[in-house]
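K.L.:
Following is a predicted model, sequence given first.
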Amino acid sequence: MIWPPTFLCLGLCALVAPVETKRRCPVCGREPRPRFRYCPVCWPFCNNRHKNLPIAERVRALIEALDSENGGFRCCYTGMLLILDDPDSPWYLSFDHIDPRKSRLAVCARQINEMKQDLTGEEFRTVVLALSDYMVKGLPLDPGVIDFVCWPGRFEMPAPASLGRSPPSPKGCKVCRMTRRPYSIYCNRCRSFIYRKPEHVARSEAMIEGWDAARQGFVCKYSGVLLDHLNRKSPWFMTFDHRFPGKKGFLVVCAAWINYLKSDLTDEQFRKMLKMLADRFRDGAPFDRDALGL
Ligand SMILES: [Zn+2]
Ligand SMILES: [Zn+2]
């Protein structure tokens, strides 16, 4: 004889057993692996490795960037399909805070994310167009074109300290011809950028190249804007950029924010990149990443 509770137990099990439904990845709709919520393609971008970025925002940004025709994700700035399997590639998928002060995310290439840094999406578009116009057409760049709303330390800028102006003298500073500091071949201002600094010879040469005697200041190599040599917190503070990253020497002077924008691109790659991005922003031209040789 079968014990009656056995029937009861079997009946209950049939009632509570889950109905086997086909599970789908919430991002792309592919079939996930057993016990996983996301498919193997989306998993690397939805796991805990990016736990500082809210998962709901990541999923929303991924869905927005999804190209359902070929199952890939497109960069929101260049429009090209991103690399999903090689984290070392400059075109690997990364999450960008469109406005660094807010939590909304977008999907873009790692390289573009590195270039954008403290700029908002709108500022990035504006400066790319303005820099490209300066480089290609020679149109002067207005330093007030963006406000650098997310520039670090922007709200605690110290009042610029005056170093004083001294008249040019025949045996003046090697860079700017102003009166030398005693026992030095440079004036106080130029010395502060060169003395005891790495690659000081290359620095001195870059400053001589960047010095504009008529405007009495240093001119940014990439934007033609007069640089700030006093306020270290200004985005226009004078910095030194390696024309060929990883190679010593060959320095040029440029604004701090442009140094970030150039990231580890060579001079030629940087100009090409700006031109291609500007064409993309202006007319939606296709972005040919192979042309950069990265
Ligand atoms: Zn998926
Ligand atoms: Zn000087």
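P.N.:
Alright, I've got the coordinates. Residues are numbered from 1 along each chain as shown. Ligands and ions are numbered 1, 2, ... in the order given.

K.L.:
contacts and neighbour counts: CA atoms only from here.
P.N.:
Will do.

K.L.:
Model confidence score at residue 2, please.
P.N.:
With respect to pLDDT, residue 2 scores 54.

K.L.:
okay, now the residue in the stretch 101-250 of the chain that ligand 1 sits nearest to: neighbour count?
P.N.:
Nearest residue of the stretch 101-250 of the chain to ligand 1 (CA to the ion) works out as residue 107 at 14.7 Å. For residue 107, the neighbour count with other CA atoms under 10 Å is 26.

K.L.:
Would you confirm that it contacts residue 98?
P.N.:
No. Here residue 107 does not reach residue 98: they are 9.2 Å apart, not a contact under CA atoms under 8 Å.

K.L.:
Name the nearest residue to the residue of the stretch 101-250 of the chain closest to ligand 1, ignoring sequence neighbours.
P.N.:
In space, and not counting its chain neighbours, residue 107 is closest to residue 95: 4.9 Å by CA to CA, 6 or more residues apart in numbering.

K.L.:
Same question for that neighbour, what's its three-state structure.
P.N.:
Using DSSP: H, G, I helix; E, B strand; the rest coil, the structure places residue 95 in strand.

K.L.:
mind checking pLDDT for it?
P.N.:
96.

K.L.:
try residue 170
P.N.:
71.

K.L.:
Need the nearest residue in space to it, chain neighbours excluded.
P.N.:
residue 177 (7.2 Å).

K.L.:
same thing with residue 151?
P.N.:
Residue 151's closest residue in space is residue 118 (CA to CA, 6+ apart), at 5.8 Å.

K.L.:
ok but that neighbour is inside a helix, no?
P.N.:
No. Assessed with three-state DSSP, residue 118 is coil; it does not lie in a helix.

K.L.:
Can you get me a residue count around it?
P.N.:
23.

K.L.:
Then the one 3 residues further on?
P.N.:
Counted with other CA under 10 Å, the burial measure for residue 121 works out to 18 neighbours.

K.L.:
for it, what are its contacts?
P.N.:
98, 99 (CA atoms under 8 Å, 6 or more residues apart in numbering).

K.L.:
Quickly note the distance from it to ligand 2.
P.N.:
Per CA to the ion, to the nearest Å, residue 121 is found 38 Å from ligand 2.

K.L.:
For the remainder of this discussion, apply numbering that starts at 188.
P.N.:
Sounds good: first residue 188 from here, last item residue 308.

K.L.:
pLDDT wise, what is that residue at?
P.N.:
We have a pLDDT of 95 for residue 308.

K.L.:
Look up how far residue 473 lies from it.
P.N.:
Separation of residue 308 from residue 473 (CA to CA, to the nearest Å): 19 Å.

K.L.:
just residue 293 next, same as before
P.N.:
Counting by CA to CA, the gap from residue 293 to residue 473 is 19 Å.

K.L.:
Name the residue in the two with the higher neighbour count.
P.N.:
Taking neighbours as other CA under 10 Å, residue 293 and residue 473 compare with residue 293 leading, 22 against 14.

K.L.:
Could you verify that residue 214 is part of a helix?
P.N.:
No. Read with three-state DSSP, residue 214 is coil and lies in no helix.

K.L.:
For this structure, which segments are assigned as strands?
P.N.:
253-254, 259-260, 280-284, 292-296, 398-399, 404-405, 425-429, 438-442 (DSSP state E).

K.L.:
Residues contacting the second one, please?
P.N.:
When contacts are taken as CA under 8 Å, 6+ apart, the neighbours of strand 259-260 outside the stretch itself are 249, 252, 253, 254, 268, 269, 280, 294.

K.L.:
repeat that with 6 Å
P.N.:
The contact list for strand 259-260 (CA atoms under 6 Å, 6 or more residues apart in numbering) reads 252, 253, 254, 268, 269.
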